[in-house]
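> Sharing a model prediction with you, sequence too.
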Amino acid sequence: MERGTALVLGATGGIGGETASALLRRGWRVRALARDPARAAAQWPAGTLRPEWVVGDAMDADSVIAAARGATLIVHAVNPPGYRDWETLVLPMLESTLRAAEATGARIVLPGNVYNYGPDAFPDIDEGAPQNPVTRKGAIRVQMEQRLREAAERGVRTLVVRAGDFFGPRAANNWFSQALVKPGKPVSTIADPARPGVGHQWAYLPDVAETIAQLVERESALAVFDTFHMEGHWDADGTRMQAAIRHASGRPDLPVRRFPWWLAALASPFVPTFRELREMRYLWQKPVRMRNARLVALLGAEPHTPFDTAVGATLEGLGCLRAPRADGERQAA
């Protein structure tokens, strides 16, 4: 059963790609915007349902409006590549989506995160917690949601689905793939960014995508501007993620190293990735946990892949597992 048409901005990224896939599986017609549709289509996972690729740029409102014709949903999952130029690109890209939503009447979906919150909201955060960010990216995220709230007064519908640190087979710009392990190489060590004993919240991208898909299919239950938090996977002291990586890699002896925050400090003036990682250090120094009671009340249960399964699929997708031998043993890739 075809449920409607969704336009996905950022379908070549982790959350955008997974959300496009989840919507396709559930019977949606999905368009995906890309500057180079042929290249994007060639990189799409083989053997899966595929979106209709259309040419366009999230910075060009006219191309977004054209791509959104007939859509009832716009997934705004696009971000500047490599953490560059957030201050100059993020809000203009959102304005393109807002104009398209106003032109078509589509609901906007924004995948959210914990950057909006400062220590005054810790450790347990629900949807009504005050948003007083302490970082540059957090302030931009708050501005984004404020623009969407203002648009809601004009009738533009928005859904924000907020989750913990992303990880998944398609995810590239996140703590898991940029700090804990090294993509493309068998796991030989695990980096730990957290203060010893501090809990951390993780979100498996296919679960986030399925949650988004289930929520948008309950349109009649949603407010004009609505927000839901996900529980995801809670690691009470950091050791759960380490154990899952060891289990998936078949290496119970994998050493754990402290993340080199000193290096991030030295390199941050020159390397954008290190600057952004360092800015978010505060989220590893205190437990920060979003609660999903409101989500569960609506859906009945939160989509939830077992942790070991999720971590194993992520490591495989990132090329971090050793290749299997013909006899079933494993050898280094």
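That came in fine, so what should we check first?
> Looks like residue 295 contacts residue 229 (just checking).
Yes: assessed by CB atoms under 8 Å, residue 295 is found in contact with residue 229 at 6.4 Å. (C-beta placed from N, C-alpha, C; glycine too.)
> And the helices in the stretch 201-333 of the chain?
Assigned by DSSP state H, counting those that start in this stretch, the helices in the stretch 201-333 of the chain fall at 205-216, 239-249, 261-267, 272-279, 293-299, 307-317.
> can I get those helices in JSON lines with mean neighbour count and mean pLDDT?
Output for those, formatted as JSON lines (neighbours: other CB atoms under 10 Å; pLDDT from 0 to 100):
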{"stretch": "helix 205-216", "mean neighbour count": "24", "mean pLDDT": "98"}
{"stretch": "helix 239-249", "mean neighbour count": "19", "mean pLDDT": "96"}
{"stretch": "helix 261-267", "mean neighbour count": "14", "mean pLDDT": "80"}
{"stretch": "helix 272-279", "mean neighbour count": "18", "mean pLDDT": "78"}
{"stretch": "helix 293-299", "mean neighbour count": "15", "mean pLDDT": "98"}
{"stretch": "helix 307-317", "mean neighbour count": "20", "mean pLDDT": "97"}
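> Reformat those as CSV; add distance to residue 44.
Below are these laid out as CSV (distance: least, CB to CB, whole Å):
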stretch, distance to residue 44
helix 205-216, 15
helix 239-249, 25
helix 261-267, 34
helix 272-279, 26
helix 293-299, 28
helix 307-317, 14
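> Just tell me which of those ends up closest to residue 132.
helix 272-279 (15.6 Å; CB to CB).
> and that closest one, what does it pack onto?
Under the contact definition 3 or more CB pairs under 8 Å, 6 or more residues apart in numbering; DSSP states H and E, helix 272-279 sits against helix 136-152, helix 261-267.
> So which of those helices has the densest surroundings on average?
helix 136-152 (a mean of 17; mean count of other CB atoms under 10 Å).
> what's the closest of the helices of the stretch 201-333 of the chain to residue 186?
Smallest distance to residue 186 across the helices of the stretch 201-333 of the chain (CB to CB): 7.3 Å, for helix 239-249.
> and that closest one, C-alpha only, in PDB?
The C-alpha coordinates for helix 239-249 follow below in PDB (Å, rounded to 0.1, in the frame of the first residue of the first chain):
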ATOM      1  CA  THR A 239      31.600  -0.700  29.400                       C
ATOM      2  CA  ARG A 240      28.500  -2.000  27.600                       C
ATOM      3  CA  MET A 241      29.600  -0.500  24.300                       C
ATOM      4  CA  GLN A 242      33.100  -1.800  24.800                       C
ATOM      5  CA  ALA A 243      31.800  -5.300  25.500                       C
ATOM      6  CA  ALA A 244      29.600  -5.200  22.400                       C
ATOM      7  CA  ILE A 245      32.500  -4.200  20.100                       C
ATOM      8  CA  ARG A 246      34.600  -7.000  21.600                       C
ATOM      9  CA  HIS A 247      31.800  -9.500  21.100                       C
ATOM     10  CA  ALA A 248      31.200  -8.500  17.500                       C
ATOM     11  CA  SER A 249      34.800  -8.500  16.600                       C
END
